[in-house]
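Q: Dropping the sequence and predicted coords here.
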Amino acid sequence: MANYLAIETTGGRRFAAVERALREPGWDEVRIRVHACGICHTDAVAVEAGGGAAIVPGHEVVGVIEAIGPAPAQDWRVGERVGVGFLGGHCGRCTPCRRGDFVNCADQPRLGLTADGGYAEVLYARSSGLVRIPDELSAVEAAPLLCAGLTTFQALQQGGARPGALVAIQGLGGLGHLGVQYAARLGYRVAVVARGEDKRALAERLGAEHYVDSTAQDPGEALQALGGAAAIVATAASGSSMSPLVHGLAPRGRLVVVGAAADPVQVDTLALIFGTRSIAGSLTGTAIENEDNLAFAAQRGIRPMLETFPLAEAEKAYELMISGAARFRAVLVTEGANA
Ligand SMILES: [Zn+2]
Ligand SMILES: [Zn+2]
């Protein structure tokens, strides 16, 4: 069998382009010819920290099935266009799976962290992790929706706000610029909380009714002045920036945390108790929830803002993402993918 190109990392922000030998897919795997792979901030866990062992990063992967193992968990066809997100397919056997809680499966590959991901021409994936891609979405458009899009779509549903309620999106980067679009299309009145004035126009163009510059005013007080948010989706990679948001919640409001941060969120216990407010985490979603997500995005015109790079320029694209210079998602495109 032929070889394929993969970009490996061993941590320490080292990348190496390697040729790997093609093999048949395993028992419940499929082999996917990759067309596009988005670069997500979570890729940093492998690329920066890393364990020394070589792994292919990337968990926003779109391609076409080219081979199917002997025992796929579901029906898939060769030639079908599919995607794989961060959660690489539940096992169906562990205790959370037996309770139908597939997001919390205890034996699930995390693409690009515990299993090779999509910075490559070929991906091997568990069949239970596959997501069908609607025709309306190109591979490049669909890729960031598989993780960044799903993360905010699911977090908004966890927020549990009523249609028409005030919902805030904190941060207007790779996650936030999608979160605003989902929140507006889901029927919420949207407030964006971000640093500085330069993002106000974009926030409004994406569907925000209100804009709070967190460098000019306390974001909690600003949201209270608007009546309090029924839900806040916090996407910034900073715990300290989330702390004042709790004060911006309406009674029974929920702060849903999706931005992974090195520092903790500090909580005023009285703000939780009086008003029965809560804080929750949200972890992307299941493969079928991702199909719901893509269908919703396709129908409602939700699209990521992105730049594309050839696979060979993965390192350059990653540097742009990690330095915050990418607007707003970077997507790797393989040769021959007329996505
Ligand atoms: Zn991600
Ligand atoms: Zn499981």
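A: Sure thing, it's come through. Ligands and ions are numbered 1, 2, ... in the order given.

Q: how close does the closest residue to residue 39 other than its chain neighbours sit to ligand 1?
A: Leaving aside its sequence neighbours, residue 39 sits nearest to residue 330 (C-beta to C-beta, 6 or more residues apart in numbering; 4.4 Å). Yep, even glycine has a C-beta here, placed from its N, CA and C like the rest. Applying C-beta to the ion, to the nearest Å, the value for residue 330 to ligand 1 is 12 Å.

Q: and what of residue 261?
A: 15 Å.

Q: Surely that residue touches residue 235?
A: No - using C-beta atoms under 8 Å, residue 261 is not in contact with residue 235; the gap is 10.4 Å.

Q: Kindly report the residues of the chain close to ligand 2.
A: 90, 91, 94, 97, 105, 107 (C-beta under 5 Å from the ion).

Q: can you give me the strands for the stretch 201-339 of the chain?
A: 210-213, 229-234, 249-257, 278-281, 306-310, 329-333 (DSSP state E, counting those that start in this stretch).

Q: and these, which is most packed in?
A: Of all the strands of the stretch 201-339 of the chain, strand 229-234 carries the top mean neighbour count, a mean of 29, counting by mean count of other C-beta atoms under 10 Å.

Q: does the closest residue to ligand 1 within the stretch 101-250 of the chain sit in a helix, a strand or a coil?
A: The nearest approach of the stretch 101-250 of the chain to ligand 1 comes at residue 147, 3.3 Å away (C-beta to the ion). For residue 147, the assignment made with DSSP: H, G, I helix; E, B strand; the rest coil gives helix.

Q: got the buried residues for stretch 270-280?
A: 275, 277, 279 (16 or more other C-beta atoms under 10 Å).

Q: Please list all residues in contact with the nearest residue to the last one once chain neighbours are set aside.
A: I take that to be residue 279. Leaving aside its chain neighbours, residue 279 sits nearest to residue 255 (4.6 Å; criterion: C-beta to C-beta, 6+ apart). Residues near residue 255 by C-beta atoms under 8 Å, 6 or more residues apart in numbering: 231, 232, 234, 242, 245, 246, 249, 277, 278, 279, 280.

Q: Need the pLDDT of residue 52.
A: Note for residue 52: predicted pLDDT of 80.

Q: Cross-check the contact I'm expecting between it and residue 8.
A: No - assessed by C-beta under 8 Å, residue 52 is found out of contact with residue 8, at 11.8 Å.

Q: Those two: who's more crowded?
A: residue 8 (19 against 7; other C-beta atoms under 10 Å).

Q: ok, so what distance separates the more buried one from residue 48?
A: Distance, residue 8 to residue 48, by C-beta to C-beta, to the nearest Å: 15 Å.

Q: so where's the protein shaky on pLDDT?
A: 336-339 (pLDDT under 70).

Q: And the helices in it?
A: 44, 95-98, 139-144, 150-159, 176-185, 200-206, 219-225, 239-242, 269-273, 287-300, 314-322 (DSSP state H).

Q: Same list (those helices) but as a markdown table, adding distance to residue 19.
A: Output for those, formatted as a markdown table (distance: least, C-beta to C-beta, whole Å):
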| stretch | distance to residue 19 |
| --- | --- |
| helix 44 | 26 |
| helix 95-98 | 36 |
| helix 139-144 | 23 |
| helix 150-159 | 32 |
| helix 176-185 | 35 |
| helix 200-206 | 41 |
| helix 219-225 | 50 |
| helix 239-242 | 42 |
| helix 269-273 | 54 |
| helix 287-300 | 30 |
| helix 314-322 | 15 |
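
Q: Residue 192 is nearest to which of the ones you listed?
A: Closest approach to residue 192 among those is made by helix 200-206 (3.9 Å; C-beta to C-beta).

Q: Could you list the buried residues of the closest one?
A: 200, 202, 203, 206.

Q: of all these, which two lie farthest apart?
A: 200 and 206 (11.0 Å).

Q: need the contact list for the residue in the stretch 101-250 of the chain positioned nearest to ligand 2.
A: Using C-beta to the ion, residue 105 is the residue of the stretch 101-250 of the chain that sits closest to ligand 2, at 3.2 Å. With contact taken as C-beta under 8 Å, 6+ apart, residue 105 is in contact with 87, 90, 91, 94, 96, 97.

Q: and with 6 Å instead?
A: 90, 91, 94, 96, 97 (C-beta atoms under 6 Å, 6 or more residues apart in numbering).

Q: and the gap between the second one and residue 131?
A: Right, residue 91. Going from residue 91 to residue 131 by C-beta to C-beta gives 17 Å.

Q: Between the two, which is the more surrounded one?
A: Neighbour count, other C-beta under 10 Å: between residue 91 and residue 131, residue 131 has more, with 26 against 17.
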